[in-house]
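Student: give me a 3D structure for the following:
(2 chains)
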Amino acid sequence: MVAPAVDLLRNPLGAVRGLFSIAAMAASPAPAATLELSGGDWGVKGVFDKFLYEEGAIAQVPHIGDLARDSIPSGSLVRFRGMIQDMFDVEYYVGAYKDCNTWQTNKYTDSPVPQDTEQQIWDRRLLYCVPIPGENQWMKNRWHSNAVQPDATSQSLKRKREDVPATVESMDCDSPTKEQNSCLVKIYDGNDADLKLNDIAEFVGIVWKESELVSSSASDSSALAESLMEDDTSLQLPSSTVPRLHCITMRKLSAYSIPSQPGALADICSVRESLLCKLQSVLGEDRLAAEYLLLHLLSKVYSRVEPLAVGKFSLNFSGCQAGADGSASLVASAVGHAISVLLPCSQVVPLSLQDLNSCLIAPRKDYATNRFTYRLVTGGLQLASGTHLTLDETALNTGRLNETGVKNLQSLKSVMESQKVDYDFQYYQMEMPTDLPVLVVSCGKSRILPADALVPLRCSAEAARIHAEASDLSKWRIYLSSAREADHVIEPSMQKILEEDLVAARQKDRTVGSETFHRWLTMARLLSLSYGERSLTRERWEMTKELEMRCAARLRETTA
Amino acid sequence: MAEPSSPLVFPESPGLSDRVPATPVSAARNGSARRPRQSPSAGSSGHSTPILPGTPGFGNRTPNYFKFTGGRAREAEPQAEGVFAQAPVEDPGSKTYVWGTNISIDDTREAMHLFFERFRESPEAVEAKYIQLLDQVIELEGRSLNIDAQNIFTYNEELYSQVVRYPLEVIPLFDMVVGDIARERRPDWNNHIQARIFNLKLSTNLRDLNPSDIEKLVSVKGMIIRCSSVIPEIKEAFFQCLMCGHFPEVTPVDRGRVNEPSKCANPACSAVNSMTMIHNRCTFTDKQIVRLQETPDAIPEGETPHTVSLLMHDKLVDAAKPGDRVEVTGVFRAMAVRVGPNQRTLKSLYKTYIDCLHVKKADKSRMQMHGGVEFDNNEIFLETDTSPAVYEAKINKLKELSKLPDIYQKLTRSLAPSIWELEDIKKGLLCQLFGGSTKKLSSGASFRGDINVLLVGDPGTSKSQLLQYVHKIAPRGIYTSGRGSSAVGLTAYVTKDPETRETVLESGALVLSDQGICCIDEFDKMSENARSMLHEVMEQQTVSVAKAGIIATLNARTSVLACANPSGSRYNARLSVIDNIQLPPTLLSRFDLIYLVLDKPDEQTDRRLARHLVALHYEDPEVELLEALDLPTIAAYITYARQRIHPKLSNEAAERLIEGYVNMRRRGNFPGSRKKVITATPRQLESLIRISEALARMRFSETVDECDTVEALRLLDVALQQSATDHSTGIIDMDLITTGVSASERTRRENVVSSVKVFIMDRIQAGSSLRITELFEDIRANVNQEMSLQDLKTALNTLMTEGFVSVLGDNVARS
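Tutor: Take a look at the predicted model:
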């Protein structure tokens, strides 16, 4: 394939059309052959992939979110990184039409076509993407520092913003502001095959601004056309606020991964120790709680054996005081802030009665309201896998839960118990597996939200906000992300020892049940991962048991 | 340009308009262009009233035919419908073709005629199937004739493929042929009959529709989520001159436009622009736009459901309501969207919709089982199945599975794989899922086939997880918690409809899980009142309601799976099951299998638990998956078995059952016993039959073989041993379940009574009295038999009924 000498960055459409005409020419004028054109992409993806990833031009492609909406010319190459929030119906469009006996393609555009021409109808998928919910500022900066674009002022602005405390977001519903930064991605040729709801991906493609559709042509439109149009979701998202991105190529990203990691960490143990110290100070000098928190931050669901989600490790810190006059609890905000600077995506959610009762946090389809017809109304729980949730139960005071509140609590419970969110499609529910590590901060043991592990907090000092050097922070982030992604095995010999220990523990104490065993095994795994080890050793197993013993002792003291 | 409309409604077909049998309309005016669109600017006639200017091009309401004469193609002149029939007569050398194909109109019509006249479902049938159906339609003054596409396929594959590939042209031909035949059968018939084709060989998945399906006949399944209000669509316009009152014949709507006469046709008047439309003399049809969404089982994991618009006409309007699961057959069409009014440029987008021909409502339940429901062979047991071929393949796969020698073990392993051990309980639950078969005697008596299971056990023994798992794979069912359920919530209740103020019957959990499994957690915490409602359900399988003017008996053919905690929250091994669960024996005896899930301190089981958990965490879960069947497969397997397999007892099996039952009864009959222990009752025999039937179903076997009965006996034995063992003797004792008192306990009580009687004879003179407590002290001191105050009171009660003593307050007197 000869790459046409066109500026891919500024005139991507020219390149596409060039490639098409080469292919169309080769396909000879036989009508059957033109049909075949719809299947292939005439080497477009290959050319762009090479240009973007091999030649590194991706850095020069502007990000849609960075730019003012009006400054992007229609038809230029842009990229968008976001979470897939909804998937719309397939769109049928005129893929190619015959203009003066030569086939022209209309792929990757929304441009109108002349009427009396021979046409071919092709299809494309529509994905509604939003900026990653709960993404922390440092993560955004890291991605966008690669971009050439942002001028000095916006850069400094962002730097300032890094010091802004953790975003305390209430579980609000689809607010109009969110629409501002979203993007409608049109995907061609089944490139979306492995994309799922709530996945994070970076799309590169051609931005297209329609000459605003004259949908107000009431004089002409028939009742049928009108009602069909009414159903058209994309119409409800005017392209002035939601740009259309005709995706040429894309890559799937993970919520854990941090871009461009500069090599492996030299000394994992020392990094671990320094991070632990920091967490300890955040938790008011409680070492044990810090250990648990570290394990908690490393947890992720790594396998599902229905109905269990193996690997989840939700944590409950009890003994936290509610903040003065209704503000967030001190611990919750300190921990929330610490997590926000350590993990790519996180959210702090104060569980106030008012918030719980006001709107549903599980996503749902709402067929009744006209504006969002057939669109998924997002909820606070529609998050990318790996997003950390800190629930501040101290914000909850006595009162009455209404139906919404009860449903919300059930949703939270189902996330904590099985890492699943029920999406409400009105006529049926659909379970969507997620992976959201949940930390509950509460006064007493949380009865409403059953966590895997309960640690009563013993603060000997005031919970402090995290303050650290940028280099340290970056080390910790890389440490957490790499440990989170690592694999872990257990040797058969070690398995024997585990079995023996578990049996012995059960013989000693009948209350030790399968839940406890699950917790121990998860902790042992996380503990060895935290030391950068890929298989469980005796030493780490003993440490796990030691941690559990200290925690159990503390529990007994608290109840006594 | 044309209005997108039902392919069924063709102005040129005879009798489409109810009153005008053969309106001469241009049939093939734009035969020249199928794809290339004509300009929508219809400047031809003076005033055109744009009623429904839709898409140019695709929505051609007129079929395009070409006429071929002597090898030279020429465009068909605008002709009346009659042309198709008459053409060969006029000009024997010419043939009319469907545009762009080599399908000859005449040949196709001939094929259709033959199909209608010749097709019989079975060779023996006297009358052709569709002629019969048509006669019925004529009799009932119907307007549509349903044609099974499978029948067309078996009769004439070519015709089938023509219908599917060129529905816009071929279906109107069907209409005409049906009309012709109708007129043959009843000459005065002049109504239009629509041919509604359904049951295509291939049903497309909603998300697999693609551009190549446009203008093809497709069939999709889904759930209706919204219906628009009914849109009246003008069919014939009536004009009248304002000046002289003259009115010409009604003007039919020509592809979405009404050609308004610009001049009065009355030669005497001839006024220009004087014609006005009289609305109430126009004819309208109903139209509705319906939104169809994929059913949950067709959606791949991690995606949102797709939707498609449906266009319904006439009779199909309001045929289905939101929430209905339907299978729709229709023509997939696309409609271009213009950028602006009167502009020649189009938006590059197309709106797609399905023009419905036929709507078939699928039963909302995922499966139907025995009971009065007849099975249609075409009924597909799972909605995900797309075509008979796929369906066949799936069934073959299930059948292959059933041939595995270890299918029983495999199924057991696959049931709740995350719950370790409890093999026998899982087997019991499997039996419940498969179920026995309901028997109806000619006398009207019926025996339930549903197997009820009760799990009693210590907290934290994953009972609830088992329940939830069963709930998940059960074809239908409700999961409730005993604490939150009231009697009416379980059965049925009567409410006032807020809108109509009528009393309506609302089904409760048990009725809703008719032909499924009702899982009740925390059975012991249920109110007494609610539990008593279960008696009827569990044996008679009905719920009777008599209140507020409604007297009804609802079917509740439900298997009940209940789980309960022992009364003292932990199982007390020294007490009987009855004492432990505190459930009335009447209810308890209705459970076929009662399992005790006990947390016994046993190193062996602990070790297995530990190994299981370690494996869960560290071994490749893939390996486990290979061994176990995945959830959809089990669900399909069970559904299929319940629907299709109705095993009968073989003679050997029956004999084995009798033998086993007799053995069970004899077990209480060991030497030395006084033949008072009842180890089995007829209820157990019934349970045995049900369980063996369920076991045969697991193997897809039509007969219950000996191996099934052996296993059934074993299962019942295991369940009985756990629940009905008399702890003081170690013998299975059905009395425990049926009366709550074991035989040995009863003997003991008899002994107490006789010794008390003897004692009282000694101590109390006739007429005198003694305080109970004194009596108790006395007996304790003198009789060397262990006795509690309660025992004494029971004994006194017995004596009182005998008339031997009388008890007044605290005093005992001899009478």
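Student: isn't B:Ser274 up against B:Cys241?
Tutor: Yes. Under the criterion of C-beta atoms under 8 Å, B:Ser274 makes contact with B:Cys241 at 5.0 Å. The way it works is simple: take the backbone N, C-alpha and C, and place the C-beta from them, glycine included.
Student: which residues do these two both contact?
Tutor: Both B:Ser274 and B:Cys241 are contacted by B:Cys264, under the criterion C-beta atoms under 8 Å, 6 or more residues apart in numbering or on different chains.
Student: can you check which helix is longest in the chain?
Tutor: Unless you meant another one, I'm taking chain A. helix A:538-559 (DSSP state H).
Student: chain B is the one I meant
Tutor: Scanning chain B for the longest helix, with DSSP H as the assignment, gives helix B:743-763.
Student: just the buried residues of that one, please?
Tutor: Within helix B:743-763, the residues scored as buried using 16 or more other C-beta atoms under 10 Å in any protein chain shown are B:Ala743, B:Ser744, B:Glu745, B:Arg748, B:Val752, B:Val753, B:Ser755, B:Val756, B:Lys757, B:Phe759, B:Ile760, B:Arg763.
Student: in a markdown table, list those residues along with distance to chain A.
Tutor: Shown next, in a markdown table, are those (distance: C-beta to the nearest C-beta, whole Å):
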| residue | distance to chain A |
| --- | --- |
| B:Ala743 | 33 |
| B:Ser744 | 30 |
| B:Glu745 | 30 |
| B:Arg748 | 33 |
| B:Val752 | 37 |
| B:Val753 | 41 |
| B:Ser755 | 41 |
| B:Val756 | 42 |
| B:Lys757 | 46 |
| B:Phe759 | 45 |
| B:Ile760 | 48 |
| B:Arg763 | 49 |
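Student: low-confidence stretches in the stretch 351-500 of chain A?
Tutor: A:366-376, A:426-427 (pLDDT under 70).
Student: mind doing that once more with 80?
Tutor: Of all residues in the stretch 351-500 of chain A, those with pLDDT under 80 make up the ranges A:355, A:358-380, A:395-404, A:424-431, A:444-450, A:459-471, A:485-492.
Student: now do the strands in it.
Tutor: A:364-365, A:376-377, A:388-392, A:420-424, A:429-433, A:438-441, A:453-456 (DSSP state E, counting those that start in this stretch).
Student: closest to B:Phe174 out of those?
Tutor: strand A:364-365 (38.2 Å; C-beta to C-beta).
Student: how many neighbours does A:Ile248 have?
Tutor: The tally of other residues near A:Ile248 (other C-beta atoms under 10 Å in any protein chain shown) stands at 26.
Student: so it belongs to a helix, correct?
Tutor: No. Counting by DSSP: H, G, I helix; E, B strand; the rest coil, A:Ile248 is not found in a helix; it is strand.
Student: which parts of the stretch 1-150 of chain A sit against chain B?
Tutor: A:38, A:86-87, A:89-94, A:106, A:109-123 (C-beta under 8 Å from any C-beta of the partner chain).
Student: out of the residues you listed, which sit inside strands?
Tutor: Under the assignment DSSP state E, these contribute A:86-87, A:91-94, A:113-114, A:119-123 to strands.
Student: out of those residues, the closest to B:Ser270 would be?
Tutor: Nearest to B:Ser270 out of those is A:Pro114 (C-beta to C-beta; 42.1 Å).
Student: buried only: go through the residues of the stretch 1-150 of chain A next to chain B for me.
Tutor: Among these, those classed as buried by 16+ other C-beta under 10 Å are A:38, A:86-87, A:89-94, A:106, A:109-113, A:115, A:117-123.
Student: rewinding a little: okay, among the ones in strands among the residues of the stretch 1-150 of chain A next to chain B, which ones form the most distant pair?
Tutor: Of all pairs in these, the most separated under C-beta to C-beta is A:Asp86 and A:Pro114 at 32.9 Å.
Student: ok and the residue in chain A nearest chain B?
Tutor: Proximity to chain B, evaluated over chain A using C-beta to the nearest C-beta, is greatest for A:Lys196 at 2.9 Å.
Student: is it fair to say that residue lies in a helix?
Tutor: No. Counting by three-state DSSP, A:Lys196 is located in no helix; its state is coil.
Student: for it, phi and psi?
Tutor: The phi/psi pair for A:Lys196 (degrees, to the nearest 10) reads phi -130, psi 170.
Student: thinking again about what came up before, tell me the strands beside the following helix or strand past the longest helix of chain B, with direction?
Tutor: Counting by DSSP states H and E, the next helix or strand C-terminal to helix B:743-763 is strand B:769-771. Strand B:769-771 has the following sheet partners, assigned by DSSP bridges: strand B:811-814 (antiparallel).
Student: using PDB, list the CA coordinates for the partner strand.
Tutor: Provided in PDB are the C-alpha atoms of strand B:811-814 (Å, rounded to 0.1, in the frame of the first residue of the first chain):
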ATOM      1  CA  ASN B 811     -55.800 -29.500  91.900                       C
ATOM      2  CA  VAL B 812     -56.100 -33.000  90.800                       C
ATOM      3  CA  ALA B 813     -59.100 -35.000  91.800                       C
ATOM      4  CA  ARG B 814     -60.100 -38.500  91.200                       C
END
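Student: buried residues in it?
Tutor: Buried residues in strand B:811-814, counted by 16+ other C-beta under 10 Å: B:Val812, B:Ala813, B:Arg814.
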